[in-house]
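>>> Coordinates for the following, if possible.
(2 chains)
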Amino acid sequence: MGQMIKVGMADLKVCKAPDALTTIGLGSCIGIAIYDPSTKISGLAHIMLPDSTQIRNNSNLAKFADTGIQKLFEDMIAAGANKARMVAKIAGGAKMFEMPGGSSASINVGERNAEASRAKLKELGIRLLAEDCGLNYGRTVELYSETGEYYIKAVGKEVKIL
Amino acid sequence: MLTLNEVNEKYFDVLKEIGNIGAGNATTAIANMLGLRMDMSVPEVCFLPVEELGSAIGAEDDVIVGIMLGVEADIDGSMMFLMDTHSAHRIVNRLMMRDDNYNEPFDEMDLSAIKEIGNIIAGSYLSALSGLTNLTIVPSVPFVAVDMAAAILSVPAVQFGIFGDNALMINTKFSDDLGINGYFILMPEEDSYAKILTALGVPI
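Numbers count the residues shown, from 1 in each chain, chains lettered A, B, ... in the order given. Alright, predicted model coming up:
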């Protein structure tokens, strides 16, 4: 069993087997797990917002689905991952409060984060194997590079394995 | 255009003052409701990177209670009041006239009680802000979530993250026999910031 490497909010990391990656308490954010079973190189990004082009302050690439997934993809290639073998799983994108309205940029941000993540993965040609998105609760995720299994943990719920 | 990164010492003091008056109002309101005498500490205002908000009030996976309200009229945005589950249990137990040590998971009635308390606290805070700025500020009905701190705090993190890299939070301790600790986060829309600061006489 390797190390458990923590990925913060608006952050992304790449690791190799036997290490694992985790991010704690995804709310409306999305945890995008990309895995290459041939090299066991894994990557996890914790994005907060769907689209960097809609935001003036966009220097942190890991904050957005479009630039974050692109960067994660490039970092994994640089680490030696095989582009053709990459697969993805995503989790998060909850609506923590049933608030109506809000600013245009924050309405249904969880749902829009999930949509933007799917679109970016498709654009990069990475197959989305499974997802656990939406609803109204937080999720802690763990990506194990040995197996590619993606664990989803939520308060008062059974652990889900994607 | 003003960015949150340029918020100065003066704004801190103003926010602290709002926090003071607001918490004072809330203390009175809760004291009347629960029949308790409560004092509160001078609030602490912190300014921190959005990425650190998830762990700002404890461990990221600690279960906390968050109450969120929209605000509208002269300013638009939302606000959140957060407390640890221990504090929430104590308030609810007192309100429901239960034993202080009761800590079964919150049921629907408990959640309504928490919303009501959030309403009072948020309303007190907003009336302080309204009084100091002469702006009309109307809160929406409250919404409650009991979940991991990082997941609840991702909501303000996203809100602040839309137009900056930092978030503002006010920490208030209610010192009494209950030991309640709470946090406020005010999330005005970008153009409402300027309105608040101008109304407060802070040069922007």
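>>> can we go C-alpha only for contacts and neighbour counts from here?
Fine.
>>> Point to the helix or strand of chain B where mean pLDDT is at its lowest.
Within chain B, confidence by mean pLDDT, DSSP states H and E is lowest for strand B:39-40 among all helices and strands, at a mean of 66.
>>> and the closest residue to chain B within chain A, how many neighbours does it have?
As assessed by Cα to the nearest Cα, chain B sits closest to A:Gly27 within chain A, at 3.9 Å. Using other Cα atoms under 10 Å in any protein chain shown, the number of residues around A:Gly27 comes to 32.
>>> Let's see the pLDDT reported for the closest residue to it other than its chain neighbours.
The shortest distance from A:Gly27 to any non-neighbouring residue, by Cα to Cα, 6 or more residues apart in numbering or on different chains, is to B:Ala151 (3.9 Å). Reported pLDDT at B:Ala151 in the predicted model: 95.
>>> wait, what's in contact with B:Ala151?
Shown in contact with B:Ala151 (Cα atoms under 8 Å, 6 or more residues apart in numbering or on different chains): A:Gly25, A:Leu26, A:Gly27, A:Ser28, A:Met96, A:Tyr137, A:Gly138, A:Arg139, B:Gly54.
>>> let's see it at 10 Å
Each residue near B:Ala151 by Cα atoms under 10 Å, 6 or more residues apart in numbering or on different chains is listed here: A:24-29, A:92, A:94-96, A:137-140, B:54, B:60-61, B:63-64, B:145, B:157.
>>> how many other residues sit next to the closest residue to B:Ile170 other than its chain neighbours?
Nearest in space to B:Ile170, with sequence neighbours left out and distances taken as Cα to Cα, 6+ apart, is B:Val45 at 4.5 Å. Counted with other Cα under 10 Å, residues neighbouring B:Val45 total 22.
>>> element containing the residue of chain B found nearest chain A, please.
Across chain B, the shortest distance to chain A (Cα to the nearest Cα) belongs to B:Ala151, at 3.9 Å. Assigned by DSSP states H and E, B:Ala151 falls within helix B:149-161.
>>> In CSV, list the C-alpha atoms belonging to that helix.
Below are the C-alpha coordinates for helix B:149-161, written out as CSV (Å, rounded to 0.1, in the frame of the first residue of the first chain):
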residue,chain,number,x,y,z
ALA,B,149,-17.2,21.2,6.3
ALA,B,150,-15.3,21.3,3.0
ALA,B,151,-18.5,20.4,1.1
ILE,B,152,-20.6,23.2,2.8
LEU,B,153,-17.7,25.7,2.5
SER,B,154,-17.4,24.9,-1.2
VAL,B,155,-20.5,27.0,-1.7
PRO,B,156,-18.9,30.3,-0.5
ALA,B,157,-15.6,29.2,-2.0
VAL,B,158,-17.2,29.0,-5.5
GLN,B,159,-19.1,32.3,-4.9
PHE,B,160,-15.9,34.1,-3.9
GLY,B,161,-13.9,32.2,-6.5
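>>> Hmm, B:Leu48 is touching B:Asp165, no?
Yes - assessed by Cα atoms under 10 Å, B:Leu48 is found in contact with B:Asp165 at 8.4 Å.
>>> More neighbours: those two, which one.
With neighbours defined as other Cα under 10 Å, B:Leu48 and B:Asp165 compare such that B:Asp165 has more, 20 against 15.
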